[in-house]
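1. Sequence below, structure please.
(chains A and B)
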Amino acid sequence: MRKSWADAARIIEVRQAARSWRDAGLIDATTLEAIDADYPDPRPRLAPAWRVLIFFLVTVAIHAVFVGLSMAHAGTAGSWVVFGIALAAVTEVLLASRFAGNGSDAATSFWAVVDLVIGIGILLTEGASRNFDEAITLVLIAAVILFAAACVHWGFAIYGTFATAAFFLTLGRFPFGRAASFLAGVILIGISRRNLDRPYPPPLRRAVSGVFAVSAVALYVAINRYSIDARWIERLQAHSSLVAASDAVRALSAIATALVSLIFPVWGVRSRRNLILDLGLAFAAASLVTLRYYVHIAPLWAVLTLAGTALVLIALRLDRVLRRAPGGEIGGFTSAPLSSVKGAEAIQAAAVIAGMTSSPPAARSGELSPGGGGFGGGGASSEF
Amino acid sequence: VNPDVVAAIEALRAKSTLSQPQADALLRPARGELVSIHAELRVTLYTGVLLATAGVGLFLKENHERLGPAVLASLIGLAAAACLLYAFRRFPPFSWETGSSPSLIGADYVLLLGVLLVGSDLAYIETQYRWLGPNWPLHLLLVALLYFAAAYRFDSRTVLSLALSTFAAWRGISAALPFSSAAHLAGAAAVLRANALGCGILFIALGILSVRLRRKAHFEAVWTTMGLLLLFGGLLSGVFQIGSSWPLWELPLFLFAGATVFLAHRLRRPLDFALGVLAAYLGSLRFLAQALEGSALAFTIALSSLAVLAFLIYAQRRMRES
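-> Just a heads-up that it's a prediction; the model follows:
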């Protein structure tokens, strides 16, 4: 990742944090202006709706050009690869320009990697001696390398997650894929955990979190009892034979399923990390579903109703206990929202999808005054 | 831990941009010494509401013959009443202005559970007793009206969204019911389109009225965005219909899209602006697909996409300068 891109990402991180402080009432508008002056935004920021629209438009343009070229000259594997390389070059130009971060660079980089992977896949399956099983494995390896390189070089955190997912799919292609996934999961969890707080540029730090999360999920899938019975990982293998697991392995996996769903929540609480806590809660929920699959303790409607009611009551109780605690916190945990703008944006996006409305906070913040219009800021956003 | 933010807070404290107490308060979360589980609690509550609602649905399906409809409807009604009573106690009193947040994090989720249970109960009663006979979709109108009442009483945008989608579902099902046989599919499409357009215009008008009359003006975005989705959805279904009358729909599509883009630009409404641009772009694609073919069509689509992109960037720059 170039230094200028990394510096820009750090500035955006601070500006977003400052907005979350202002929204939480910790600083006033004057202080926010002073912080903005100290950390000037090097790029014009667009609202999420615009970035999605630009990603869509660029995607349409890319595919239209590719289809047009394929019609003019018969498309081959080489044309996919050449087109992918051309898109990678366009991404370089866009990232160095003032259009960086508006969604167009995300689209060109994503399709550059995807086109290259497709091109490699077609190259491998062309010719008389084609071997589809081998080609699938090699395409997955190519996806690991290309997405990882795109993540590190261009700074798109999500590509780190894609690369890790492709890596675990690749492991599943080999004999002993489950054992390899377990070992690799443990190793990657250890490595990424140690690097979660390193002063990398923000996108790479988020990529490390993505690697941690995918590795934890892969580890859980490797040990989950239902996954072993359903042979999820073994089905990925080239020339899969699907031999049933032994009783000892199944018994061990039942114990491991329970252990992992206990270890992660405890680890999350002890380390005070939302990521680990969230993974732990997800694993606990998945383990309870697994338990219900094997042990029918009650009718499904009763389990769902009781579990739902219990979750609501537990969350309400926890919120009340935290609110009433001295300083509104216990052991470094609070139920008050301290989220950064990034987190809040995600919640707003979910609300927009759920409620199909524009996001409200900017209107509340008073940053915008639509002046004179009868619509007075309802749902207006600070970014355009 | 966020090393960039920690470094920035320390630098801002050194420059006195942040006071010492401010910096201390901000450093704790940035260093990971104070962690908020606000999002986790909300997700847990939402999951709980979903699970409980699904459980009630299954319970109805599996037990309605054994317990009888009266008992089941009463049980669900009691659960809904308990939720709504809880919401009444936790939410601030009714006001036409923006209400303050309820006193507990989960109150809005309990409200959501309550209104969903009311909707399920009414649907169940109607399927069992068939009081409305062939006009059974009317129960959706009743549910929508109850949702509207709850949305306004409890100042909930989520419940208002639910009310609007239920109202639109009532219109859609009522309009399509007479055309349920396969022979009348084309007629159903036209009637559905007309209803979508009608609902869209009605919602936008009510959104504008809510601002003009200062009655829950902050709900305007919900009304308008839902209205725009229905309006553009209806117009685009006309543009992309099979047959020869599609060009007639292009003019109203471009007029409404143009008006939306113009107003959204003036009012700084990025989502509505994006919807207007997207609708006009999709409408123009139909023209291109009709006029061109082969690689000429592909390259023209690429160029038109880039032209729209350039327009967006130009509009953004104008917005910043104004």
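
2. Return the residues of the stretch 51-200 of chain A in contact with chain B.
-> A:52-54, A:56-58, A:60-62, A:64-65, A:67-69, A:71-72, A:99, A:102, A:104, A:196-199 (CB under 8 Å from any CB of the partner chain). (C-beta placed from N, C-alpha, C; glycine too.)

3. In helices only, show me the residues you listed.
-> The helices, defined by DSSP state H, take in A:52-54, A:56-58, A:60-62, A:64-65, A:67-69, A:71-72, A:104 from those.

4. Please pick the buried ones from these.
-> Buried by 16 or more other CB atoms under 10 Å in any protein chain shown: A:52-54, A:56-58, A:60-62, A:64-65, A:67-69, A:71, A:104, out of these.

5. next helix or strand past the helix or strand of chain B at the bottom of the mean pLDDT ranking?
-> Ranking every helix and strand in chain B by mean pLDDT, DSSP states H and E puts helix B:38-67 at the bottom, with a mean of 85. Per DSSP states H and E, helix B:38-67 leads on to helix B:69-90 as the next helix or strand towards the C-terminus.

6. can you pull the buried residues of that following helix?
-> Buried residues in helix B:69-90 (16+ other CB under 10 Å): B:72, B:73, B:75, B:76, B:77, B:79, B:80, B:83, B:84, B:86, B:87, B:90.

7. Make TSV out of the residues you listed and add distance to chain A and pLDDT.
-> Output for the buried residues of helix B:69-90, formatted as TSV (distance: CB to the nearest CB, whole Å; pLDDT from 0 to 100):
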residue	distance to chain A	pLDDT
B:72	12	86
B:73	16	89
B:75	11	88
B:76	11	88
B:77	16	92
B:79	9	89
B:80	14	92
B:83	10	90
B:84	15	93
B:86	10	89
B:87	13	89
B:90	10	86
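
8. tell me the contacts of residue B:148?
-> Applying CB atoms under 8 Å, 6 or more residues apart in numbering or on different chains to residue B:148 gives the contacts B:160, B:163, B:167.

9. what's the answer for residue A:215, then?
-> A:164, A:168, A:184, A:185, A:188, A:189, A:192.

10. ok, now residue B:37?
-> Contacts of residue B:37 (CB under 8 Å, 6+ apart): A:274, A:277, A:318, A:322, A:333, A:334, A:335.

11. again with residue A:237
-> Per CB under 8 Å, 6+ apart, neighbours of residue A:237: A:172, A:173, A:174, A:175, A:177.

12. would you list every one of the strands in chain A?
-> For chain A, applying DSSP state E gives strands covering A:329-330, A:333-334.

13. For the ones you listed, could you give me CSV that also reports mean neighbour count and distance to residue A:235?
-> Compiled in CSV, the strands of chain A are given as follows (neighbours: other CB atoms under 10 Å in any protein chain shown; distance: least, CB to CB, whole Å):
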stretch, mean neighbour count, distance to residue A:235
strand A:329-330, 16, 45
strand A:333-334, 20, 40
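
14. Tell me how many other residues surround the residue lying closest to residue A:165 once chain neighbours are set aside.
-> Leaving aside its chain neighbours, residue A:165 sits nearest to residue A:214 (5.4 Å; criterion: CB to CB, 6 or more residues apart in numbering or on different chains). As a burial measure, residue A:214 scores 23 neighbours (other CB atoms under 10 Å in any protein chain shown).

15. hang on, residue A:214 packs against residue A:166?
-> No - assessed by CB atoms under 8 Å, residue A:214 is found out of contact with residue A:166, at 9.7 Å.

16. which residues of the stretch 1-150 of chain A score low on pLDDT?
-> Residues of the stretch 1-150 of chain A meeting the criterion pLDDT under 70: A:74-75, A:128-129.

17. switch to 80 and redo it
-> Within the stretch 1-150 of chain A, the ranges that satisfy pLDDT under 80 run A:1, A:24, A:42-45, A:72-77, A:127-130.

18. ok, now the stretch 251-384 of chain A?
-> For the stretch 251-384 of chain A, the stretches with pLDDT under 80 are A:338-384.

19. all helices for it, in order.
-> A:274-294, A:300-324, A:341-355, A:361-365 (DSSP state H, counting those that start in this stretch).

20. what does the stretch 51-200 of chain B put close to chain A?
-> B:51-59, B:61-63, B:104-106, B:109-110, B:113, B:157-158, B:160-161.

21. do that again at 7 Å, thanks
-> Within reach of chain A by CB under 7 Å from any CB of the partner chain, the stretch 51-200 of chain B has these residues: B:51-52, B:54-56, B:58-59, B:62, B:104-106, B:157-158, B:161.

22. just so I have it, where are all the helices in the stretch 101-250 of chain B?
-> Taking DSSP H, counting those that start in this stretch as the test, the helices found in the stretch 101-250 of chain B are B:107-129, B:138-154, B:157-176, B:185-212, B:220-239, B:247-267.

23. winner for burial among the ones you listed?
-> helix B:220-239 (a mean of 24; mean count of other CB atoms under 10 Å in any protein chain shown).

24. Can you check what angle separates that helix from helix B:157-176?
-> 30 degrees (axes from the mean of the first three to the mean of the last three CA atoms, to 10 degrees).

25. Check which helices and strands helix B:220-239 sits against.
-> For helix B:220-239, the elements it packs on are helix B:157-176, helix B:185-212, helix B:247-267, helix B:270-291, judged by 3 or more CB pairs under 7 Å, 6 or more residues apart in numbering or on different chains; DSSP states H and E.

26. contacts for it?
-> A:355-358, A:375, A:378-379, B:157, B:160-161, B:164, B:168, B:193, B:196-197, B:199-201, B:203-204, B:206-207, B:210-211, B:246, B:249-250, B:252-253, B:256, B:260, B:271-272, B:275, B:279, B:282-283, B:286 (CB atoms under 7 Å, 6 or more residues apart in numbering or on different chains).

27. how close does the nearest residue to residue B:188 once chain neighbours are set aside sit to residue B:248?
-> Excluding its sequence neighbours, the residue lying closest to residue B:188 (CB to CB, 6+ apart) is residue B:179, at 3.5 Å. Distance, residue B:179 to residue B:248, using CB to CB, to the nearest Å: 21 Å.
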